[in-house]
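In: Predicted model follows, preceded by the sequence.
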Amino acid sequence: MIFRKIENRCSFPAWLLLLVFLLLCFGLDMIALAEDSPAGSPVISLFTINYGDPDTALHEVTLQLDAADDVTVREQLMVRFSNDEIEWSDWTAFQEEWAWSLSPGDGLKTVYVQVKDEDENVSTSSASIRLFVPVEGVSLDWETLMLDLDGEPIMLTATITPEDASMKELTWSSSNPAVATVSGDGLVTPVGKGEAEITATTVDGGFTATCHVTVSDAPEIDPSVNYGDVNGDGAVDVGDAVLVLRSIVELVQLSEAQLAAADVNLDAVVDVGDAVIILRHIVGLVPSLPVEHVVTPPGEEPPVEPGPPDLPDVAPTGKLLGATYRVCTTAEVEVSVLNVRSGPGVDCSIIGSVSRGQRFIVHEERETDHSEYNRWYRINYNGNPGWIAATYTSTTDILYGLDYWSNLTRLTDAPEGLEPGDYKINSEYRFLLSRGGNLIPTDVYFNFLEQIPYARLPLDRPAPAMVTESFLAQRSGSIYPGTPFADVDIADEFMDAQETWGENAVYLMAHAALESAWGTSQIARDKNNIFGYMAYDGSAYSSAATFRSLEDCIMQVSGFIRRAYLSAGGSYFHGPHLVGMNEKYATDPMWAIKIARIMQSILNFSEYTLVEKELAKGVTDASVKLRTGPGTSYAEIATLPAGTSVEILGSKLISSVNWLKVNAGERSGWLSGDYVELVTCPRAAVYFADWYKEGEEDTKLRVRSGPGTNYDIKDNLKFGHTFTITGIDSDWYQISYSGATDPRWVSAEYVIVNW
């Protein structure tokens with residue numbers, strides 16, 4: 001196998017160029033160091049927020065710092081922090097972690113750090129994080145309105161979820177302004193007879209909710225009819241509504257007088273809408289009958305947002321089962337300025353202040369005997385306990401997952417029945433309360449992944465057609481101003497990787513955004529490494545691979561992911577979705593959730609169209625055994641006769657045999673590719689594991705006239721060159737590409753197939 005690897009790859013000598021390159025890099029690094037740091041200043045080797053996460057939903061974060069100095073030992077260095085480089089915290093002895101409160105408001109937040117040694121030399125660094133809670137949906141208080149042509153306008157009220165969403169701005173529109181117009185606050189005004197759709201659209205995410213409006217001449221009201229009094233007893237009560245419902249299902253027949261009294265919405269039809277309006281009148285929601293404006297209340301179930309086909313359920317993997325889940329009460333400040341005190345009471349000293357919209361975890365609640373401010377919440381305020389008056393806050397119970405560093409990753413609003421505390425889940429998504437070392441089962445079964453669909457999205461296929469390099473560049477620049485991903489040329493590389501390897505470009509950008517803080521991390525800047533490739537726990541910077549460019553990193557790592565994680569038969573394959581990838585790619589159990597959230601911010605899932613995947617098809621050309629795994633040591637499932645049609649799901653090279661994972665009717669298993677004749681030709685591309693290393697960029701794959709190294713060399717294909725596969729012979733593929741007129745073969749070892 002080693003001989004074959006050498007035989008089928010040809011590299012051009014580059015040691016001299018490599019030496020020159022390293023000397024140049026060394027010289028450039030020395031110049032940059034001299035320009036950026038005065039001689040003798042402390043060196044800040046690490047400064048991150050929440051361990052480099054690009055997003056957070058809370059104003060309380062954790063800062064990570066590492067620094068060194070030739071003059072002062074690290075423990076005697078002094079540090080301070082600022083949100084604006086104007087107001088700084090006090091100088092404090094060095095620590096590796098700090099609790100900190102971000103500045104008011106949502107959006108991109110930058111924290112600055114200064115490190116000072118004993119000689120008063122100071123170095124400055126900064127880190128950024130996006131403070132944001134995405135919108136997850138919107139609904140209107142009415143789904144249908146019937147307005148009188150000369151009647152009064154009606155105000156529609158939109159409800160955005162979740163309650164603490166960062167951007168609650170809406171745009172309103174009318175499909176037919178000649179019938180009804182709508183103002184910026186949802187006021188619907190009848191203009192002419194006809195029908196129109198009034199739509200509220202969220203600025204964040206583009207979620208929509210609609211109300212169907214019909215405008216007609218005002219119906220005539222008969223003063224002799226006591227509307228709503230269907231049974232004629234002189235009162236309007238539940239009995240009248242029940243009588244209307246019984247008439248609808250033909251259990252009773254109403255007289256003409258009763259029908260007139262029952263038609264409380266004056267549409268000449270007695271139906272469920274009339275019964276509902278009578279009931280709403282009884283409880284005071286409709287002041288008088290008949291209603292001046294005919295309205296149909298929405299159903300009990302919220303409207304279903306348009307979106308892609310249902311995604312398959314994903315069983316909780318080992319990472320999810322091992323994670324800790326925490327329900328926290330979060331308090332959002334609702335006044336312009338709120339004092340933070342040293343204790344729970346107005347007689348305690350003021351240690352700072354927080355502003356409208358800031359969100360904090362409630363770590364403790366305490367009651368006092370104060371007549372106005374009798375309830376107080378303890379929050380984390382710049383590393384110290386602080387207390388705020390509960391009167392000026394709103395609270396929500398949120399379900400979080402604890403990541404590798406015990407930071408909170410927002411999942412969704414906590415389901416009913418889960419009180420604040422820590423939980424585990426079992427294989428059925430049942431929540432178990434963790435208390436005193438014991439797990440106490442609850443009655444709550446809650447598959448939170450249903451609220452995070454991108455975590456289950458098949459990634460081994462392209463994004464929808466609306467996703468282009470311009471779309472990705474615009475969205476990334478809007479989400480994280482200053483990111484290099486907003487460069488159309490860089491965004492185009494994600495699209496090229498999608499075209500080459502057949503994996504989702506939105507996912508690729510979101511993955512890179514998480515691992516590199518949208519391309520701004522130290523590893524990204526110094527090593528062009530935006531995927532955390534080979535950045536191992538405990539030695540992330542030193543072990544991380546170095547790439548020649550961001551473009552090379554995108555192409556190399558996306559190919560590696562496609563082969564190892566998203567292809568059946570891949571060495572780390574656990575399903576072609578984020579939850580499956582999370583098993584081996586990252587130690588952080590919330591890694592998949594974080595990437596899914598970023599994908600949602602790039603493209604609202606309600607607008608997503610799932611690209612259907614055409615599986616490669618083949619037919620057995622001889623009798624062959626279908627096995628439970630890729631190899632003769634695996635158990636037999638069945639013997640497939642010659643001529644059996646199969647769908648190919650993936651492949652794996654084992655001892656010079658190309659084993660194929662297939663669907664054969666209702667059975668699934670593995671069989672040798674030597675016994676399959678391809679009916680359709682899957683796309684494939686050249687891949688070398690070491691292509692990103694210096695001196696390997698010119699490596700090419702030798703194309704031969706037959707399936708073996710003893711055949712003539714016909715061509716050389718570079719990394720990423722695409723072609724179609726037309727046949728299989730052991731660990732060789734017969735291929736076809738532009739300019740190839742005779743049979744061509746390549747070693748399967750250096751090929752990624754989009755089965």
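Out: Thanks, I have it.

In: show me where pLDDT drops low in this protein?
Out: Within the chain, the stretches with pLDDT under 70 are 1-39, 292-309.

In: Tell me the residue in it that is farthest from the middle.
Out: Residue farthest from the centre of the chain, counting by Cα atoms, centre = their mean, is residue 224 at 60.5 Å.

In: where does that residue fall, phi/psi-wise?
Out: The phi/psi pair for residue 224 (degrees, to the nearest 10) reads phi -80, psi -10.

In: any idea how far residue 476 is from it?
Out: 67 Å (Cβ to Cβ, to the nearest Å). Where C-beta positions appear, they are placed from N, C-alpha and C, glycine not excepted.

In: quick one on the thing from earlier: how much space separates the residue farthest from the centre of the chain from residue 286?
Out: 21 Å.

In: can you check residue 498 too?
Out: Applying Cβ to Cβ, the value for residue 498 to residue 286 is 54 Å.

In: same question, residue 218
Out: 17 Å.

In: Those two: who's more crowded?
Out: With neighbours defined as other Cβ atoms under 10 Å, residue 218 and residue 286 compare such that residue 286 has more, 20 against 13.

In: Let me see the contact set for that one.
Out: Shown in contact with residue 286 (Cβ atoms under 8 Å, 6 or more residues apart in numbering): 277, 280.

In: shouldn't residue 678 be in contact with residue 728?
Out: Yes. The pair residue 678 / residue 728 is scored as a contact, 7.0 Å apart, by Cβ atoms under 8 Å.

In: Looking at those two, which is more packed in?
Out: residue 728 (23 against 19).

In: so where does that one fall, helix or strand?
Out: Element membership for residue 728 (DSSP states H and E) is strand 722-729.

In: Which strands or helices does that strand pack on?
Out: For strand 722-729, the elements it packs on are strand 676-678, strand 683-686, strand 732-736, judged by 3 or more Cβ pairs under 8 Å, 6 or more residues apart in numbering; DSSP states H and E.

In: And for whatever helix or strand comes next after the longest one, what's in contact with it?
Out: The element immediately downstream of strand 732-736 (helix or strand, assigned by DSSP H and E) is strand 744-747. Outside strand 744-747, the residues within contact range by Cβ under 8 Å, 6+ apart are 4, 8, 686, 701-708, 711, 714-715, 717, 729, 731-737.

In: now these: which count as buried?
Out: 8, 686, 701-704, 707, 711, 714-715, 717, 731-735 (16 or more other Cβ atoms under 10 Å).

In: Quickly note the distance from residue 82 to residue 110.
Out: Counting by Cβ to Cβ, the gap from residue 82 to residue 110 is 9 Å.

In: wait, residue 580
Out: Distance, residue 580 to residue 110, by Cβ to Cβ: 35 Å.

In: These two: which is more packed in?
Out: Comparing residue 580 with residue 110 by other Cβ under 10 Å, the one with more neighbours is residue 580, at 23 against 16.

In: In three-state terms, label the closest residue to the more buried one other than its chain neighbours for me.
Out: Closest residue to residue 580 apart from its sequence neighbours, by Cβ to Cβ, 6 or more residues apart in numbering: residue 574 at 3.8 Å. Classification of residue 574 by DSSP: H, G, I helix; E, B strand; the rest coil places it in coil.

In: same deal with residue 600?
Out: With three-state DSSP as the criterion, residue 600 reads helix.

In: thinking it is in contact with residue 451, fair?
Out: No. Using Cβ under 8 Å, residue 600 is not in contact with residue 451; the gap is 10.4 Å.

In: More neighbours: which of the two?
Out: residue 600 (22 against 15).

In: residues touching residue 394, list them.
Out: By Cβ under 8 Å, 6+ apart, residue 394 lies in contact with 163, 331-332, 334.

In: Please tell me how far it sits from residue 170.
Out: 20 Å.

In: cool, residue 380 as well?
Out: Following Cβ to Cβ, the distance that separates residue 380 from residue 170 is 33 Å.

In: Measure how buried residue 181 is and give me the count.
Out: 18.

In: Go ahead and confirm it touches residue 174.
Out: Yes. Assessed by Cβ under 8 Å, residue 181 is found in contact with residue 174 at 5.7 Å.

In: Show me where the stretch 551-700 of the chain has its strands.
Out: Using DSSP state E, counting those that start in this stretch, the strands found in the stretch 551-700 of the chain span residues 616-620, 624-627, 636-640, 645-654, 657-664, 667-672, 676-678, 683-686, 700-704.

In: The stretch 401-550 of the chain too?
Out: 408-413, 421-425, 430-435, 438-445.

In: looking at these, which is buried most?
Out: Across these, averaging neighbours per residue (mean count of other Cβ atoms under 10 Å) puts strand 408-413 on top, at a mean of 20.

In: so what secondary structure elements neighbour that strand?
Out: Using 3+ Cβ pairs under 8 Å, 6+ apart, strand 408-413 sits against strand 325-333, strand 393-402, helix 591-602.

In: so which of the ones you listed comes closest to residue 128?
Out: Residue 128 lies closest to helix 591-602 among the helices and strands packed on strand 408-413, at 15.0 Å (Cβ to Cβ).

In: So which other helices or strands are in contact with the closest one?
Out: By 3+ Cβ pairs under 8 Å, 6+ apart, helix 591-602 packs against strand 55-56, strand 408-413, helix 469-479, helix 505-516, helix 578-581.

In: rerun that using 7 Å as the cut-off
Out: On a contact count with 3 or more Cβ pairs under 7 Å, 6 or more residues apart in numbering; DSSP states H and E, helix 591-602 meets strand 408-413, helix 505-516, helix 578-581.

In: Please produce JSON lines containing those, extended by distance to residue 356.
Out: Shown next, in JSON lines, are these (distance: least, Cβ to Cβ, whole Å):
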{"stretch": "strand 408-413", "distance to residue 356": "20"}
{"stretch": "helix 505-516", "distance to residue 356": "29"}
{"stretch": "helix 578-581", "distance to residue 356": "35"}
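
In: Nearest to residue 682 among the ones you listed would be which one?
Out: Smallest distance to residue 682 across the helices and strands packed on helix 591-602 (Cβ to Cβ): 19.6 Å, for helix 505-516.

In: Summarise which helices and strands that closest one is packed against.
Out: Using 3+ Cβ pairs under 7 Å, 6+ apart, the elements in contact with helix 505-516 are helix 469-479, helix 488-501, helix 591-602.
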